[in-house]
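*Asks:* Next one to model:
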Amino acid sequence: MTEAEFRAYQKVFADYVEQKKALGILVNMSRFHHKPEPDFGEWRVKNISNRYSGAALKREAFVFPENASIPPERNRSFKGEQFPTRAFNDREQAIAWLTTGKNQKIVHNQE
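*Replies:* Just a heads-up that it's a prediction; the model follows:
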């Protein structure tokens, strides 16, 4: 996957989040092999995160394989985002965090 394809996919997924008015996003990282460019965070905040916030997103969770090391940056939001981000090695724990205290509608990204 090229960087342009990756960013185009991000926009398509943001369309879906807006359409569904998702309050939570669950991103499956178990088969993710693309390494975003260094400016991705800035691009994401400008082009994607504002759309997520406009759709009333409350939380975003990433699920990594069971024994994978979780990069520290996956447990924090990009500067400028208005929703918390966390990473997990267990799908059920991620769903529990996404739905804590609320009956939330979750959108799954099966990347």
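*Asks:* who does the most centrally placed residue in the chain bridge with?
*Replies:* Geometric centre of the chain, nearest residue: residue 60, 4.8 Å, by CA atoms, centre = their mean. In this entry, residue 60 is beta-bridged to residue 25, residue 85, by DSSP bridges.
*Asks:* Confirm for me that it is in contact with residue 83.
*Replies:* Yes - taking CB atoms under 8 Å as the definition, residue 60 is a contact partner of residue 83 at 6.1 Å. Any C-beta I mention is one placed from the backbone N, CA and C, and that applies to glycine too.
*Asks:* Quick check: neighbours shared by those two?
*Replies:* Common contacts of residue 60 and residue 83 (CB atoms under 8 Å, 6 or more residues apart in numbering): 52, 77.
*Asks:* related to what we said a few turns ago, can you give me every residue that contacts the residue nearest to the centre of the chain?
*Replies:* 24-25, 27, 52, 77, 83-86 are the contacts of residue 60 under CB under 8 Å, 6+ apart.
*Asks:* ok, 10 Å please
*Replies:* By CB atoms under 10 Å, 6 or more residues apart in numbering, the contact list for residue 60 reads 17, 22, 24-27, 49, 52, 74, 77, 81, 83-87, 94, 98, 107, 109.
*Asks:* what's the answer for residue 97, then?
*Replies:* Residues near residue 97 by CB under 10 Å, 6+ apart: 24, 26, 59, 61, 84, 86, 88.
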